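A.B. asks: Sequence first, then the predicted structure:
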Amino acid sequence: MTRKPESGNSLPPAKAAAALRTHRAQIDKLDVQILKLINERASHAAEIGKIKNEHGTDVFTPAREEEVFKNVLEAHQKMKGILDEGTIKAVYRELMSGSRALQKRVRVAFLGPEFSYSHLAAVERFGQAVDFLPVESITAVFEQVNRGDVNLGLVPIDNTTDGRIADTLDMFIRLPQIRICAETRLRIRHNLLAKCEPQEIRRIYSKAQALSQCRTWLGKHFPYAQIKEVASTAIAAALARDEPGSAAIASRQAAVNYGLRILFPDIEDVPNNETRFVVVGQQRCDRTGNDKTSVMFRVQHSSGALVDALEVFKQAKINLTWIESFPLRSANASGKQQYMFFVDFEGHAEDPKIARTLKALQEHCAEMTVLGSYPAAEASG
């Protein structure tokens, strides 16, 4: 029997075991130091909470949270840290989530149930130390916020494959007092989940948007399967678990939660499929220097009215990042269809140039509402 030669850099077993013990002992010591610092940090957060409570300040402060991320990532780069930046952000997201909970337990509504993409986006935005409330519709999220039953809500607003989320835009029109406080962008990776083998699949369940984002793949690989729309991808996963011959399009997390196999991963038709979610509430957000403002407005039904309104941004050299038109439920006095326009652009409403631009825009509009200014989210990985 020929013995496999050892690598020139490998340690003998006894020395390797000793080296492991040494490194693990150092990790144990560092863990105690890290724990001490985490608790020291938390004590300062708790004191901040007392000050906020005395002055009625909001516990959720997106501008400050973005500042923390910016500071720690810059420090991480300077020290040439070896951890991935995503890992650093995840650690600090949970630290801030736990610190926020020391100040006040935040209640957040989202389009449920758990393990839907809205749930994943909510966790990505707020961390785990939050009281999440899954509801059955985007309308219910807005209503929960409007009644004050929750502090905040999270809803999808647009997708890079399918565009606008109509229910969200409709609710901003119906409840214009609700503001956008923050945003988060989630990379949407669709997977075909099932307990059965691919050849046994007769029905495929998912939310309408998920089915739309995978329609080419489905037509190619499962042309004879029944395609059935349900309220969420998580509900689809539950049906795939319970019904023989059924599959679901949902997330990897849903596969784990519902005990399903991932038969085919990443089946979305368009690479880098991403959904933008917004946090809605009653509060305003401070400037960060990397902000975005959202506005909805309606112009008179006359030739060139929309062009005149948009010309305001060109003259001010303000970059538009998103624009959508949305039909209103009621026609104007002459019976013609009316539209509300939704626009996102770079800058904060408190910036002098933005304030002047908004004033100029209002002069061209039959009605205008500033939905909010908030930190611009980075593209998801």
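C.D. replies: Received it, and whenever you're ready, just let me know what you need. Remember, predicted model here, so these are calculated numbers, not experimental data.
A.B. asks: Can you read off the pLDDT for Ala210?
C.D. replies: Per-residue pLDDT puts Ala210 at 95.
A.B. asks: can you list contacts of the helix or strand harbouring it?
C.D. replies: Using DSSP states H and E, Ala210 maps to helix 208-213. Helix 208-213 has contacts (CB atoms under 8 Å, 6 or more residues apart in numbering) with 159, 161-162, 165, 188, 190, 204, 218, 227, 229, 233, 236, 249-250, 268-270, 273. All C-beta atoms are positioned from the backbone trio N, CA, C, and that covers glycine.
A.B. asks: Equivalent analysis for stretch 17-30, please.
C.D. replies: Leu11.
A.B. asks: ditto for stretch 362-375
C.D. replies: Taking CB under 8 Å, 6+ apart as the rule, stretch 362-375 contacts 62-63, 66, 172, 176, 179-183, 279, 284-285, 287-288, 290-300, 305, 308-309, 312, 347-350, 354, 358, 361.
A.B. asks: Return the subset of these lying in strands.
C.D. replies: Per DSSP state E, strands hold the following members of these: 179-183, 279, 291-298.
A.B. asks: mind putting those in JSON lines, distance to Glu136 and pLDDT included?
C.D. replies: Conversion of the ones in strands among the contacts of stretch 362-375 to JSON lines gives the following (distance: CB to CB, whole Å; pLDDT from 0 to 100):
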{"residue": "Arg179", "distance to Glu136": "23", "pLDDT": "96"}
{"residue": "Ile180", "distance to Glu136": "22", "pLDDT": "97"}
{"residue": "Cys181", "distance to Glu136": "23", "pLDDT": "95"}
{"residue": "Ala182", "distance to Glu136": "23", "pLDDT": "96"}
{"residue": "Glu183", "distance to Glu136": "23", "pLDDT": "96"}
{"residue": "Val279", "distance to Glu136": "19", "pLDDT": "97"}
{"residue": "Asp291", "distance to Glu136": "33", "pLDDT": "96"}
{"residue": "Lys292", "distance to Glu136": "29", "pLDDT": "96"}
{"residue": "Thr293", "distance to Glu136": "31", "pLDDT": "97"}
{"residue": "Ser294", "distance to Glu136": "25", "pLDDT": "98"}
{"residue": "Val295", "distance to Glu136": "29", "pLDDT": "98"}
{"residue": "Met296", "distance to Glu136": "25", "pLDDT": "97"}
{"residue": "Phe297", "distance to Glu136": "31", "pLDDT": "96"}
{"residue": "Arg298", "distance to Glu136": "30", "pLDDT": "95"}
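A.B. asks: Those residues: which two are farthest apart?
C.D. replies: Greatest spatial distance in these: Ala182 and Arg298, 25.7 Å, computed using CB to CB.
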